[in-house]
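Asker: got a structure for you, letters missing:
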């Protein structure tokens, strides 16, 4: 997989509901992650009944992957459909909040691609809308939710295999593929900045693996490119956080994946605990034949390498469906979503811009 924009994992079907019990639609297909969002919900038993996008060519491409889905003539048609439990969307980032608030006000849950917001004002508006409507604003943090070794790491931590988490280091390199990117990708006001965008994955993982419910951004930096064709795109970013558990976080994200890499990004996470550590090699084993989903565990009783592709599954999507139907919070709490979002916005806001590369 050479392009992260079309990263859409497929797992084994693990339905939690019968057909027709959970109906959802897809809308605003600006980012290819919508395919991963829909795959996950379908494998968990959801029924994809409709799609809307203002560009017919995007709808046609979507139907080639999900044939038989009804094409809505307007977004309002989806909002007015009382049979829908959820609308999944992958709009231009700075539009996600406004679209989501319309979904919430229509009495449905919303499942958006990351990053969920590009400004603190959007976050505040959405918080108020969630509180007023009782609907859910959920986010597709694919680098944890749709990666089996990342899922299993959470299970190991919960079992106490590495003790208390001291630090999480997250590396999120991405391949640029500039010629295939839409114009909004290079406009800071639309994509939100690198720490806000792909950094959102890393901040969410820090909260999840440490159990932190808040954190402080102690330092952050970003860099742009000298190439005028890349506009306002930041191609490097880093940040350091301290969580309310005392655990720390260092993240590095970039658009610098070299040509020879056989994947779109050598994403890695290292989780240090008081009794051991875990390393995740999510998408590739460099220089070796293995693919992604590699987990390394070292603790007081073992030193182990696990290859986990096809062995763990993606429980988030089934939990999300049940949460929507039963109004529980198995998959992810609403406050977790908002805290992760606020951290990426704070880190982006505080970032020092270093010289262009």
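Answerer: Yes, it's here. The structure presented is a predicted model; accordingly, all values stated were derived computationally and were not measured. Numbering: from 1, shown residues only.

Asker: please name the nearest non-neighbouring residue to the residue most central in space within the chain.
Answerer: Against the mean C-alpha coordinate of the chain, by Cα atoms, centre = their mean, the closest residue is residue 141 at 1.8 Å. Leaving out its chain neighbours, the residue that sits closest to residue 141 by Cβ to Cβ, 6 or more residues apart in numbering is residue 204, at 4.5 Å. Placement of C-beta: from N, CA and C, glycine included.

Asker: low pLDDT regions in the chain?
Answerer: Within the chain, the ranges that satisfy pLDDT under 70 run 1-8.

Asker: mind giving me the domain split of it?
Answerer: 4-140, 144-314+345-353 (automatic domain parsing).

Asker: between these, which gets nearest to residue 337?
Answerer: domain 4-140 (5.3 Å; Cβ to Cβ).

Asker: phi, psi for the residue nearest to the centre of the chain please.
Answerer: Torsion angles at residue 141 (phi, psi; degrees, to the nearest 10) stand at phi -90, psi 80.

Asker: thinking it is in contact with residue 202, fair?
Answerer: No: using Cβ atoms under 8 Å, residue 141 is not in contact with residue 202; the gap is 9.5 Å.

Asker: and the contacts of the helix ranked longest in the chain?
Answerer: Counting by DSSP state H, the longest helix found in the chain is helix 334-350. Here helix 334-350 makes contact (Cβ atoms under 8 Å, 6 or more residues apart in numbering) with 115-120, 123, 126-127, 130, 136-139, 141, 192-197, 199-200, 203-204, 207-208, 213-215, 217, 219-220, 222, 239, 241.

Asker: so how far is it from its chain's centroid?
Answerer: 13 Å (Cα atoms, centre = their mean, to the nearest Å).

Asker: swap in stretch 222-233?
Answerer: The answer for stretch 222-233 is 24 Å, by Cα atoms, centre = their mean.

Asker: residues contacting it, please?
Answerer: Stretch 222-233 is contacted by residues 178, 185-188, 191, 193-195, 234-237, 255, 348, 351-357 when judged by Cβ under 8 Å, 6+ apart.

Asker: these, buried ones only, as a PyMOL selection?
Answerer: The PyMOL selection below is limited to those of the contacts of stretch 222-233 classed as buried (16 or more other Cβ atoms under 10 Å):
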select buried, resi 185+188+191+193+194+195+234+235+236+237+255+348+351
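
Asker: among the contacts of stretch 222-233, which ones are in helices?
Answerer: Counting by DSSP H, those place 188, 191, 348 in helices.

Asker: okay then, goodbye and thanks.
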